[in-house]
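>>> A predicted structure for the sequence below; I have some questions about it.
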Amino acid sequence: MPSKVRVILANTNEPMKHVVIYACVSSNTMEQLDSLKAQISGLTKFVFGHKN
């Protein structure tokens, strides 16, 4: 007996989500500024790596 397959198409009409990147450091040292750059870079790559 053949089984029935029902295809459910993806909903592509989802609205784009708005996100905010928040990065902070506790002092104004060079190590903290390097940490801030790393946070911003990593979070930016993460956000742009996801479509929604």
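Good, I have the coordinates. Residues are numbered from 1 along each chain as shown.
>>> state the distance from the residue most central in space within the chain to residue 30.
Here the mean C-alpha position of the chain is nearest to the C-alpha of residue 47 (C-alpha atoms, centre = their mean), at a distance of 2.7 Å. From residue 47 over to residue 30 the distance is 26 Å, taken as C-beta to C-beta, to the nearest Å. For the C-beta atoms, the positions are set from N, CA and C on the backbone; glycine is no exception.
>>> what residues sit buried inside the helix or strand encompassing residue 42?
Taking DSSP states H and E as the definition, one finds residue 42 inside helix 30-48. Along helix 30-48, not one residue counts as buried under the neighbour rule (16 or more other C-beta atoms under 10 Å).
>>> same question for stretch 9-20.
For stretch 9-20, using 16+ other C-beta under 10 Å, no residue counts as buried.
>>> gap between it and the chain center?
13 Å (C-alpha atoms, centre = their mean, to the nearest Å).
>>> list the contacts for residue 24?
Residues near residue 24 by C-beta atoms under 8 Å, 6 or more residues apart in numbering: residue 36.
>>> good, we can wrap up now.
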